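> Got a predicted model here, sequence first, then my questions.
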Amino acid sequence: MAPVAGMLKERGFHVTGSDVNVYPPASTLLTALGIPWNEGYREENLKPMPDLAVIGNAISRGNPEVERILDDRIPYCSMPQLLEEYFLPGRTSIVVAGTHGKTTTTAMLAWIFQTAGRRPDFLIGGVAPNFGDRSYGLGGGEEFIIEGDEYDTAFFDKGPKFLHYHPVELILTSLEFDHADIYPDLASIALQFRRLVNLVPRRGRILIWGESTELREVTAKAYCPVETFGLTPECDWCAGDVQWHDDATEFRVAYRGNEVARIRIPVAGRHNVLDALAAIALAYGRGVECDAIERALATFQSVRRRMEIKGEAGGVLVVEDFAHHPTAISLTLEAARTRWPGRKIWAAVEPRSNTMRRKIFQNDLSDALALADVVLFGPVNRAQLLSEHDRLSPEMICDSLQARGRTAKAFASADEIAGHLAANGNSGDLVLIMSNGGFDGLTAKLLEKLKTRAGVRG
């Protein structure tokens, strides 16, 4: 919502807003743009009456401002509706969707088009350092590159956000079960992806991760060309000779057997190679020169909270990642092993998302976290809202990991985890903090304790 407020402000609209517990990067972005906001929701925040109220999908009936909007018949819409009506018309909509990798792929794609001088409009679901720590841009070029989220749109529109974006070209990075609070099973999510595919015109194009049976199925009846990308030669777009060295990943890109590019990108991990390959395939198909693609990816700075180094104290390296799904966790741990070989990995995990809080992935999490040396679980977020039958049990996962020879422990708070790490972490260790939220400030608390410990030892 904060980036969209910034987009409206840059278009010349007067923008205000309401929220609770606004924190960086949203708060700093709003301040930098001179957009005032109110802490908390009150009817008087709607004075003077706005011409249009944009209601985020975290807002429900009973919210005092929503009730006043409905009572006074103030025009309102959702955020995706706003984009659909005010920003997408006249642009070629390029949508990146999927369970994993959509934020990084969107950021890579926007940076490629920017580097190529195409001046794209874009909206990324994360903070992109390449764009001065912003997640949007209004370059005025032909393309609007946007991350397509399968989560619902608003309390008055329970369809996925991405159905509002009318893609001309579409990247599908992956399809797995997620969002257990609104989807009962994978089939119900796949249905929404099929609906998205059905919006792509015949002149458009769809790129899918070719090693996914689920994506092949949802695109089987597409009316436009479908191309695949992956690490196997059966895919239309293939990344080969993948090597990690000197803080970068290098690989060759072939299209239907013919080499088109040699890429060096300063991030690690198989998932980042796939994300880059999808972005390369789409950009190349839209006429972006290979030289611009190679230059862009060589200077790509990833997205905040994707294996982001937050600091080092007492020889302990602290890294944050947004991973909150078993697949993402395993890929992140695999990438950490590649990037920092030889380090002992402590994985601190917060069960915070609506899916991670539930037992759905309890066994899968044990498999994913077995890639770490030590696993430290934080408390289940909003545990009181779930029954014991439905709620994830960190203790049971820890028992499973211990049976595999791993060290694992569940804690009652982030403070306890920080204390444990500060007392037991050694120089040369890596702490990987994984959450889709703030983890109650664990990163800052840990670094402070490590610095204090180092000072005492010094």
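Received it, and whenever you're ready, just let me know what you need.
> which stretches of the stretch 51-200 of the chain have low pLDDT?
Residues of the stretch 51-200 of the chain meeting the criterion pLDDT under 70: none.
> What ranges does it have for its strands?
53-55, 76-78, 92-97, 121-128, 134-138, 143-148, 152-154, 157-160, 169-172 (DSSP state E, counting those that start in this stretch).
> List the neighbouring strands of the first one plus their orientation.
Right, strand 53-55. Under the criterion DSSP bridges, strand 53-55 sits next to strand 76-78 (parallel) in its sheet.
> Counting neighbours, what do you get for residue 444?
Residue 444 is flanked by 16 other residues according to other C-beta atoms under 10 Å. Where C-beta positions appear, they are placed from N, C-alpha and C, glycine not excepted.
> Does anything pack onto the helix or strand where it lies? Which helices or strands?
Using DSSP states H and E, residue 444 maps to helix 442-457. Where contact means 3 or more C-beta pairs under 8 Å, 6 or more residues apart in numbering; DSSP states H and E, helix 442-457 is packed against strand 308-313, strand 316-321, helix 414-424, strand 430-434.
> OK, contacts around the residue nearest the centre of the chain?
In the chain, the centroid-proximal residue (C-alpha atoms, centre = their mean) is residue 103; its distance is 4.5 Å. Contacts for residue 103 were tallied using C-beta atoms under 8 Å, 6 or more residues apart in numbering; they are 124-126, 147, 303, 306, 322.
> switch to 6 Å and redo it
Listed by C-beta atoms under 6 Å, 6 or more residues apart in numbering, the contact set of residue 103 reads 125-126, 147, 303.
> Residue 177 contacts residue 184, doesn't it?
No - counting by C-beta atoms under 6 Å, residue 177 stays clear of residue 184, with 9.6 Å between them.
> And residue 262, how close does it get to residue 171?
22 Å (C-beta to C-beta, to the nearest Å).
> And those two? Which one has more around it.
Neighbour tally, residue 262 and residue 171, criterion other C-beta under 10 Å: the higher count belongs to residue 171, 28 against 12.
> out of the contacts of residue 103, which one sits closest to residue 83?
Nearest to residue 83 among the contacts of residue 103: residue 147, at 11.0 Å, using C-beta to C-beta.
> Quickly list what the closest one is bridged to.
residue 96.
> Correct me if wrong: it contacts residue 125.
Yes - assessed by C-beta under 6 Å, residue 147 is found in contact with residue 125 at 4.3 Å.
> Name the residue in those two with the higher neighbour count.
Neighbour count, other C-beta under 10 Å: between residue 147 and residue 125, residue 147 has more, with 25 against 18.
> so where do the helices sit in the stretch 51-200 of the chain?
Here the stretch 51-200 of the chain has its helices, by DSSP state H, counting those that start in this stretch, at 64-71, 79-82, 102-115, 186-197.
> what residues does the shortest one touch?
If I follow you right, that is helix 79-82. By C-beta under 6 Å, 6+ apart, helix 79-82 touches 4, 54, 153, 161, 164.
> Kindly indicate which of those lies nearest residue 344.
Nearest member of those to residue 344, counting by C-beta to C-beta, is residue 161, at 40.1 Å.
> Around the closest one, count how many other residues there are.
Neighbour tally, residue 161, other C-beta under 10 Å: 24.
> wait, what's in contact with residue 352?
Contacts of residue 352 by C-beta under 6 Å, 6+ apart are 381, 435-437.
> Pull out the buried members of these.
381, 435-436 (16 or more other C-beta atoms under 10 Å).
> wait, which of the residues you listed is closest to residue 298?
When those are compared against residue 298 (criterion: C-beta to C-beta), the nearest one is residue 436, at 29.1 Å.
> Save the helices and strands packed on helix 442-457 as JSON lines, and put in mean neighbour count and distance to residue 206 too.
Formatted as JSON lines, those follow (neighbours: other C-beta atoms under 10 Å; distance: least, C-beta to C-beta, whole Å):
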{"stretch": "strand 308-313", "mean neighbour count": "16", "distance to residue 206": "31"}
{"stretch": "strand 316-321", "mean neighbour count": "23", "distance to residue 206": "28"}
{"stretch": "helix 414-424", "mean neighbour count": "19", "distance to residue 206": "42"}
{"stretch": "strand 430-434", "mean neighbour count": "25", "distance to residue 206": "31"}
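> ok, now how distant is residue 396 from residue 266?
According to C-beta to C-beta, residue 396 and residue 266 sit 39 Å apart.
> do residue 187 as well
The gap separating residue 187 from residue 266 is 39 Å, by C-beta to C-beta.
> And these two? Which one has more around it.
Applying other C-beta under 10 Å to residue 187 and residue 266 shows that residue 266 carries more neighbours, namely 15 against 10.
> unless I'm mixing things up, that one is touching residue 245, no?
No - between residue 266 and residue 245 there is no contact under C-beta under 6 Å: 11.5 Å.
> What about the residue lying closest to residue 369 once chain neighbours are set aside, how many residues nearby?
Distance criterion C-beta to C-beta, 6 or more residues apart in numbering; nearest residue to residue 369, sequence neighbours excluded, is residue 375 at 4.8 Å. Residues lying near residue 375 (other C-beta under 10 Å) number 26.
> now the one 5 residues further on
Per other C-beta under 10 Å, the neighbour tally for residue 380 reads 20.
> Spatially nearest residue to it, not counting backbone neighbours?
residue 351 (4.7 Å).
> Next up, the contacts around the one you found.
357, 380, 392.
> cool, and residue 46?
residue 68.
> again with residue 110
Listed by C-beta under 6 Å, 6+ apart, the contact set of residue 110 reads 120, 122, 145.
> Nearest to residue 441 among these?
Nearest to residue 441 among the contacts of residue 110, with distances taken as C-beta to C-beta, is residue 122, at 30.3 Å.
> just the strands in the stretch 201-350 of the chain please.
205-209, 226-230, 237-245, 248-255, 258-265, 308-313, 316-321, 345-349.
> if you average pLDDT over each of these, which comes out lowest?
Of all the strands of the stretch 201-350 of the chain, mean pLDDT reaches its minimum on strand 308-313 (a mean of 85).
> If you count contacts, what does it end up packed against?
In terms of contacts (3 or more C-beta pairs under 6 Å, 6 or more residues apart in numbering; DSSP states H and E), strand 308-313 is packed against strand 316-321, helix 442-457.
> For residue 380, see how far away residue 403 is.
For residue 403, the distance to residue 380 - C-beta to C-beta - is 21 Å.
> Surely residue 407 is in contact with residue 376?
No - counting by C-beta under 6 Å, residue 376 is not a contact partner of residue 407; they are 9.1 Å apart.
> Between those two, which is the more surrounded one?
With other C-beta under 10 Å as the criterion, residue 407 and residue 376 differ in neighbour count, and residue 376 comes out ahead with 27 against 14.
> Residue 417 is in contact with that one, correct?
Yes - Residue 376 lies in contact with residue 417 (C-beta under 6 Å); the separation is 5.1 Å.
> Give the residues shared as contacts by the two.
Listed as contacting both residue 376 and residue 417 by C-beta under 6 Å, 6+ apart are residue 348.
> Quick check: residue 260 touching residue 253?
Yes - assessed by C-beta under 6 Å, residue 260 is found in contact with residue 253 at 5.5 Å.
> Good, we can wrap up now.
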